[in-house]
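Peer 1: Can you look at this prediction? I've put the sequence above it.
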Amino acid sequence: MEAFFERSAGAGSWGYDSLKNFRRISPSVQHHLRLVYLTLCSALVASAAGVYLHILFNVGGIITMLGCFISIAILLNTSPSEKKKRLGCLMATAVLQGATIGPLFEFILEFDPRILVTGFVGTSLAFACFSGAAVVAKRREFLYLGGFLSAGISLLFWLRFASYIFGPSAGVFNFELYLGLLIFLGYIVFDTQEIIERAHRGDLDYVKHALTLFTDFVAVLVRILIIMTKNSGEKKREESKRKKRS
C-alpha cells in the first residue's frame, strides 16, 4: 500500500531448492526481513488485543479509526533513529486497528466462531505464499504490479463513491469485495519486493515496512472474513428454506 501513497527465466524450477535460494538477497537484507516479519507478528498480536478490548468494553468505532490514522501519521513523521517511539506507535496503530475491526469479529463470534479460525489460517497461508513468492523471485520482477494495483484502488474508490450517490447494490458490493481481495493479495507481493529493493538500497526501516505488510494482512483478512460470513449465511438460508419445504 505504501506505493499508492508516495515469471522469469529461472522461475520454472520451483521446489524446495528454490525456497532455500536466497543468494540474490544479501545477509543484511535477510536480517532486515527477519526483523520485519518479527515486528509484523508482534503487531498482529497487538491487533488481536485490540479486538479483545472492543469485545470487553465496546470501544471500536470512529474514534479508534481516527486514532489509528493519527498513530500512523506520527510514526511516519518520526525519525528512524527513535526506534522505541516508532515501535510504540506501530503497536498503538495495531491495537486501534484491532478495536476498529472489532465489531466485525464480535458479529462473527456470535454467528459462527469457526469462521474466525478458518479465515485467519487462510489469510496467514495466503500471506506466507504470496510474500514467499516475492522473496524467492528475481529482484524487481513484480514491481510492475504497482501501476495496476494503484489503478485498482482508484476503481474501488470510484465504485464506493458511486454507491453513495446512486445507492448500494448487491452486485457492486460483491464485485468490490472480490476485487479488493485480489488487489490486496497483489499488494502483498508488490510490497514485499519493494521492501527488499528498498533494503538493498539502504532503507532498513523495519518498523515502517512492517506497517506496510500489516496493512495488507488486515485488508485481506477482513475481506476473507466477510466473504466467508456472507457465504455461510446464504447456505444457512438455503438450508432453512429446504427444511420449510420438506
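Peer 2: Looks like it came in fine.
Peer 1: doesn't residue 96 make contact with residue 68?
Peer 2: Yes. In terms of CB atoms under 8 Å, residue 68 counts as a neighbour of residue 96; the distance is 4.0 Å. For glycine as for every other residue, the C-beta is placed from the backbone atoms N, C-alpha and C.
Peer 1: Looking at those two, which has the bigger crowd around it?
Peer 2: The residue with more neighbours, out of residue 68 and residue 96, is residue 96; 25 against 20, by other CB atoms under 10 Å.
Peer 1: Average pLDDT for the helix or strand harbouring residue 127, rounded please.
Peer 2: Under the criterion of DSSP states H and E, residue 127 resides in helix 114-136. Average pLDDT, helix 114-136: 95.
Peer 1: Point out where this structure drops to low pLDDT.
Peer 2: 1-24 (pLDDT under 70).
Peer 1: Could I get the full set of helices for it?
Peer 2: Under the criterion DSSP state H, helices of the chain are mapped to 2-5, 16-19, 27-57, 62-76, 83-100, 102-111, 114-136, 145-166, 170-200, 206-245.
Peer 1: among the ones you listed, which is the most enclosed?
Peer 2: Most buried of the helices of the chain, by mean neighbour count (mean count of other CB atoms under 10 Å): helix 83-100, with a mean of 21.
Peer 1: Taking their axis directions, it and helix 102-111 sit at what angle?
Peer 2: Inter-element angle recorded for helix 83-100 and helix 102-111: 50 degrees (by axes from the mean of the first three to the mean of the last three CA atoms, to 10 degrees).
Peer 1: Use 57 as the first number from now on
Peer 2: From this message on, residue numbering opens at 57, which makes the last subject helix 139-156.
Peer 1: name the helices or strands packed onto helix 139-156?
Peer 2: helix 83-113, helix 118-132, helix 262-301 (3 or more CB pairs under 8 Å, 6 or more residues apart in numbering; DSSP states H and E).
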